[in-house]
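Student: next input, structure requested:
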Amino acid sequence: MAVHVYIKEEYTVKKQVIHTISYISLIAGALMLFWSFYPIISFELYSRIFIEQNIVSPIPMENYVSSLKVANTVLGSNSVYSNNLKDFVQANLWFPAMPQPTSMPSKIPVNNYLLSIPKLNIIDAKVKVGGDDLSKTLVHYLPTSLPGEKGNVAIFGHSTLPQLYNVKDYKTIFTYLPSLEKGDLIIVKMPDAQYEYQVFDMFVVDPDQISILDQKYDSSYLTVVTCVPPGTYWKRLVVRAKIKELSSPN
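Tutor: Numbering: from 1, shown residues only. Take a look at the predicted model:
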């Protein structure tokens with residue numbers, strides 16, 4: 001005869017509901033983490049395989065350390081978790097080592113123009129010449145020449161996680177810039193002409209590598225820049241395009 005008898009306790013309805021909710025919450029949390037970090041991880045893997053890294057040498061530390069310290073004071077950390085990331089809507093903070101002029105060059109006769117990237121469904125996005133607020137327009141950074149002229153035109157645009165992408169929102173407009181390939185077109189509409197540029201190079205640099213902004217006068221170039229990986233401000237994706245042909249505006 002058994003001395004002890006064990007009877008399996010049946011879960012009450014209340015306990016079953018609590019257990020079910022706990023499992024659902026755990027799964028939902030894991031999915032949210034995956035949803036948030038997948039674009040960052042996938043870009044890192046993609047960029048290391050398909051996009052050149054750090055092909056431009058940084059300037060010596062002693063030349064930019066003071067500027068970078070000032071920028072870091074404003075920005076905190078270049079981390080996705082930084083509480084000051086909103087400041088990156090200011091174009092002048094993207095390359096802290098770059099000397100900032102006190103005024104717009106007087107020889108620039110155009111205040112803004114339009115940019116289209118057909119592959120990304122970007123149509124007639126406004127580019128502010130010498131602007132700084134990337135939440136309202138794209139920015140033609142530190143202008144010394146205009147599209148169609150010989151020189152290097154640097155255009156900055158914001159990006160974010162793909163899940164938050166909106167082609168009409170300038171804070172997310174360049175999210176899919178990494179999907180461009182050699183041969184893709186970038187179209188610039190000036191007040192009196194339209195220019196087509198063709199992508200020929202793409203690479204990733206650190207924020208101290210300001211030589212990407214140097215001028216080249218053998219042709220007309222666009223240097224289109226955004227922050228990567230998606231949703232962070234750790235590095236800069238650089239897309240280079242060269243003028244293809246001149247056509248009349250529609």
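
Student: could I get the phi/psi values of Tyr170?
Tutor: In terms of degrees, to the nearest 10, the main-chain angles of Tyr170 are phi -70, psi -20.

Student: what residues are up against it?
Tutor: Tyr170 sits next to Ala125, Leu134, Ser135, Lys136, Thr137, Leu138, Gly157, His158 when contact means CB atoms under 8 Å, 6 or more residues apart in numbering. The C-beta positions use only the backbone N, C-alpha and C, and glycine is treated the same way.

Student: all helices for this structure, in order.
Tutor: 13-50, 61-75 (DSSP state H).

Student: between the ones you listed, which gets the lowest average pLDDT?
Tutor: When these are compared by mean pLDDT, helix 61-75 comes last with a mean of 39.

Student: what segments of the protein are strands?
Tutor: 52-53, 112-117, 122-129, 138-141, 151-156, 185-189, 194-205, 220-228, 235-247 (DSSP state E).

Student: what's the most buried one of those?
Tutor: With neighbours taken as mean count of other CB atoms under 10 Å, the strands of the chain reach their highest mean count in strand 138-141, at a mean of 26.

Student: helices or strands up against that strand?
Tutor: strand 122-129, strand 151-156 (3 or more CB pairs under 8 Å, 6 or more residues apart in numbering; DSSP states H and E).

Student: strand 151-156 and the longest one, what's the angle between them?
Tutor: With axes from the mean of the first three to the mean of the last three CA atoms, to 10 degrees as the basis, strand 122-129 and strand 151-156 are set at 110 degrees to each other.

Student: elements contacting strand 122-129?
Tutor: Using 3+ CB pairs under 8 Å, 6+ apart, strand 122-129 is in contact with strand 112-117, strand 138-141.

Student: adding distance to Val204 and mean pLDDT, write the ones you listed out as JSON lines.
Tutor: Output for the helices and strands packed on strand 122-129, formatted as JSON lines (distance: least, CB to CB, whole Å; pLDDT from 0 to 100):
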{"stretch": "strand 112-117", "distance to Val204": "19", "mean pLDDT": "97"}
{"stretch": "strand 138-141", "distance to Val204": "18", "mean pLDDT": "96"}
